[in-house]
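In: Based on what follows, work out the 3D shape:
(chains A and B)
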Amino acid sequence: MINVRNILLALLLMMGTLAIAGDQHMMSVQVRESQVRSTPAFLGKIVGTVRYGDRVQILDQQGGWSRVVLPKPNLEGWMHDSALTTKKIVFKAGAADVQQAATTEEIALAGKGFNRQVEEEFKAKNPNLDFTWVDRMAQTSVSQEQMQRFLEEGRLVPEGGAK
Amino acid sequence: MKETTRREFLGRTGKYAVAGLGAASALSTLLSACASLEKVSLPDVGSLFKVSQAVAKSFEDITPEQEYYIGRTVGAVILEKYPPYIDDRANAYINLLGQTLARASDLPETYGGYHFLIQDSDDINALAAPGGLIFITRGILRCCKHEDAAAAVLAHEIGHVQNRHGLQAIRKSRITSALTMIGIESAKTFGGEDLARLTETFEDSISDISATLINNGYSRAFERQADLAAATILRRVGYNPNGLVDMLKEMQQKLKPGGLDFVRTHPSPQSRIEDIQKVIGTYQLVKTPAARQDRFAHALGVV
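Out: Predicted coordinates for the structure are as follows:
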């Protein structure tokens, strides 16, 4: 009897450990868009793009970078840790999700808190505060190729190489 | 809910260091609930405990998405202080330089990314909003004799973003209040009263940050952290960290006593030079290749 109970307990413990281990290896993209790179370097070749809320499996971590894999699209490479969170990002939260968010550290509610709705409300109260140039700034983007050309033309040699 | 005009809002910026507004009902509700903790039954104690766990939060719990919205509005307030300098070539160059530097920082990824804009003012100033909107005046660019120096200005501001200094200027009670509302009350989009309360907390948070950035300045320790981050970023990209020293030497000569810019909000350039040299070593001349100097002069020559 005691043996059976011990075995059951051991099984339960193992299942629990496996569940936790499985969970620990998943992370979410916490920025609007991010790149997966072939090497853990800031100008590493881009092999794919991921978006806010995408779940990635972590295979390895080193020096601020994580080697990740995504099932769809089938993608493997390196992402900077600043783009990732251990929380699961919930887009359409039901009451149960909200309760869980309030009581655990496991999920984050996308679009909650200080969001577009709050910004609109703020703008309505402060109609003369001008966001035109803030919006224009957001449109400026610099491609990886432009950065590489900029470094080469300026005779700049990044630590550890540019690739 | 009280209506606030823009003038009132901007007028309040800077005064909030002493005002304890906006801590709001969520916190006081909790405090009063805690006061009567002894009287409640066991299941109630359990749920109160869960709520108080959720309340015990800090700026670190502000998600990048929320930081992005805070940063946008702080950016709009910064643009009230100085208008944009409309020069596509100069701004494109600053973005190319700045975004390349940001990639090499410890926080290359923010929700909306890093974006840079020159402002049309002789003041010697540079301001970073949370999330990566970075503003630099023509005045501070004139303290830069070469690209390595301009890179140092931008890298210092990236350092403030990387260390989330702006968010740390928000009074803790406001964060507690906002995060409590987010967790507990918002199953769907916010209703009128919740939205009004959250917007007020948002507004107060913007005031906290703007007051620190524009009027009071960060602590000396934060400025030192930003200079250290700048030196690291410059090295990673291949710039000479003495670009920062060159820029500070120029700034020392150009700053005017009594100004409302870096004179007021930053430690003296001389003390910053002394601090940074403890890390990067004695001064070494910055040698910029001709191609780098040419493009710098071409882009910022008339600034």
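In: low pLDDT regions in chain A?
Out: The model of chain A has pLDDT under 70 over residues A:1-24, A:98-105, A:161-163.
In: quick one: contacts for the residue nearest the centre of it?
Out: Among the residues of chain A, the one closest to the centroid is residue A:29, at 2.0 Å (C-alpha atoms, centre = their mean). By C-beta atoms under 8 Å, 6 or more residues apart in numbering or on different chains, residue A:29 lies in contact with A:50, A:51, A:52, A:53, A:54, A:56, A:79, A:83, A:84, A:89. The way it works is simple: take the backbone N, C-alpha and C, and place the C-beta from them, glycine included.
In: Tell me where the chain has strands.
Out: Here I'm looking at chain A. Ranges of strands within chain A are A:26-29, A:33-37, A:46-51, A:55-62, A:65-70, A:75-80, A:84-85, A:88-90, A:107-109, based on DSSP state E.
In: Sorry, I should have been clearer: chain B.
Out: Using DSSP E, strands in chain B cover B:115-119, B:126-129, B:133-137.
In: re earlier: any chance of the strands of chain A in JSON lines with distance to residue B:279 as columns?
Out: Shown next, in JSON lines, are the strands of chain A (distance: least, C-beta to C-beta, whole Å):
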{"stretch": "strand A:26-29", "distance to residue B:279": "33"}
{"stretch": "strand A:33-37", "distance to residue B:279": "29"}
{"stretch": "strand A:46-51", "distance to residue B:279": "33"}
{"stretch": "strand A:55-62", "distance to residue B:279": "25"}
{"stretch": "strand A:65-70", "distance to residue B:279": "24"}
{"stretch": "strand A:75-80", "distance to residue B:279": "24"}
{"stretch": "strand A:84-85", "distance to residue B:279": "29"}
{"stretch": "strand A:88-90", "distance to residue B:279": "38"}
{"stretch": "strand A:107-109", "distance to residue B:279": "36"}
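In: and residue B:101, which of these is closest to it?
Out: strand A:75-80 (14.7 Å; C-beta to C-beta).
In: Counting neighbours, which bits of that closest one end up buried?
Out: A:75, A:77, A:78, A:79, A:80 (16 or more other C-beta atoms under 10 Å in any protein chain shown).
In: In stretch A:132-139, which residues are buried?
Out: A:133, A:134, A:137, A:138.
In: and those residues near chain B, which?
Out: A:133, A:134, A:137, A:138 (C-beta under 8 Å from any C-beta of the partner chain).
In: Mind checking which of the buried residues of stretch A:132-139 are in helices?
Out: A:133, A:134, A:137, A:138 (DSSP state H).
In: and those as CSV, adding distance to residue B:157?
Out: CSV is the format used below for these (distance: C-beta to C-beta, whole Å):
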residue, distance to residue B:157
A:133, 17
A:134, 16
A:137, 14
A:138, 17
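In: which one of the residues you listed is nearest residue A:118?
Out: Scanning these for proximity to residue A:118, where the rule is C-beta to C-beta, the winner is residue A:134, at 15.2 Å.
In: Isn't the closest one up against residue B:77?
Out: No: at 9.9 Å, residue A:134 does not count as touching residue B:77 under the criterion of C-beta atoms under 8 Å.
In: Could you measure from residue A:81 over to chain B?
Out: Residue A:81 sits 9 Å away from chain B when distances are taken as C-beta to the nearest C-beta, to the nearest Å.
In: show me the contacts for that residue.
Out: Taking C-beta under 8 Å, 6+ apart, we find residue A:81 in contact with A:61, A:64, A:65, A:66.
In: Quick check: which ranges of the stretch 151-300 of chain B have low pLDDT?
Out: For the stretch 151-300 of chain B, the ranges with pLDDT under 70 are B:179-191.
In: just so I have it, where are all the helices in it?
Out: Assigned by DSSP state H, counting those that start in this stretch, the helices in the stretch 151-300 of chain B fall at B:165-168, B:172-185, B:192-210, B:220-237, B:242-254, B:262-265, B:269-280, B:290-300.
In: Packing partners of the fourth one?
Out: Using 3 or more C-beta pairs under 8 Å, 6 or more residues apart in numbering or on different chains; DSSP states H and E as the contact criterion, the secondary-structure elements in contact with helix B:220-237 are helix B:88-103, helix B:147-162, helix B:165-168, helix B:242-254, helix B:269-280.
In: do the fourth one and chain A meet?
Out: No: judged by C-beta under 8 Å from any C-beta, helix B:242-254 and chain A are separated, with a smallest distance of 11.9 Å.
In: So what touches that helix?
Out: By C-beta under 8 Å, 6+ apart, helix B:242-254 touches B:124, B:139-140, B:142-153, B:155-156, B:227, B:230-231, B:234, B:262, B:268-270, B:272-273, B:276-277, B:280, B:283-286.
In: are any of those buried, and which?
Out: B:124, B:139-140, B:143-153, B:155-156, B:227, B:230-231, B:234, B:262, B:269, B:272-273, B:276, B:280, B:286.
In: Show me where the stretch 1-150 of chain B has its helices.
Out: B:6-12, B:24-35, B:42-55, B:64-81, B:88-103, B:138-141, B:147-162.
In: send the alpha carbons of the last one over as CSV?
Out: To tie it back to what came earlier, the one meant is helix B:147-162. Taking Å, rounded to 0.1, in the frame of the first residue of the first chain, the C-alpha atoms of helix B:147-162 are listed here in CSV:
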residue,chain,number,x,y,z
GLU,B,147,30.9,61.7,-35.4
ASP,B,148,32.4,59.9,-32.4
ALA,B,149,31.3,62.9,-30.2
ALA,B,150,27.7,62.9,-31.7
ALA,B,151,27.6,59.2,-31.2
ALA,B,152,28.4,59.8,-27.5
VAL,B,153,25.5,62.2,-27.1
LEU,B,154,23.1,59.7,-28.6
ALA,B,155,24.6,56.7,-26.7
HIS,B,156,24.2,58.6,-23.4
GLU,B,157,20.5,59.0,-24.1
ILE,B,158,20.2,55.4,-25.2
GLY,B,159,21.8,54.6,-21.8
HIS,B,160,18.9,56.4,-20.0
VAL,B,161,16.3,54.4,-22.0
GLN,B,162,18.2,51.1,-21.5
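In: can you give me the angle that helix makes with helix B:290-300?
Out: 70 degrees (axes from the mean of the first three to the mean of the last three C-alpha atoms, to 10 degrees).
In: close to chain A, is helix B:147-162?
Out: Yes: on the criterion C-beta under 8 Å from any C-beta, helix B:147-162 is in touch with chain A at residue B:147.
In: Check which helices and strands that helix is in contact with.
Out: Helix B:147-162 packs on helix B:88-103, strand B:126-129, strand B:133-137, helix B:138-141, helix B:220-237, helix B:242-254, helix B:290-300, going by 3+ C-beta pairs under 8 Å, 6+ apart.
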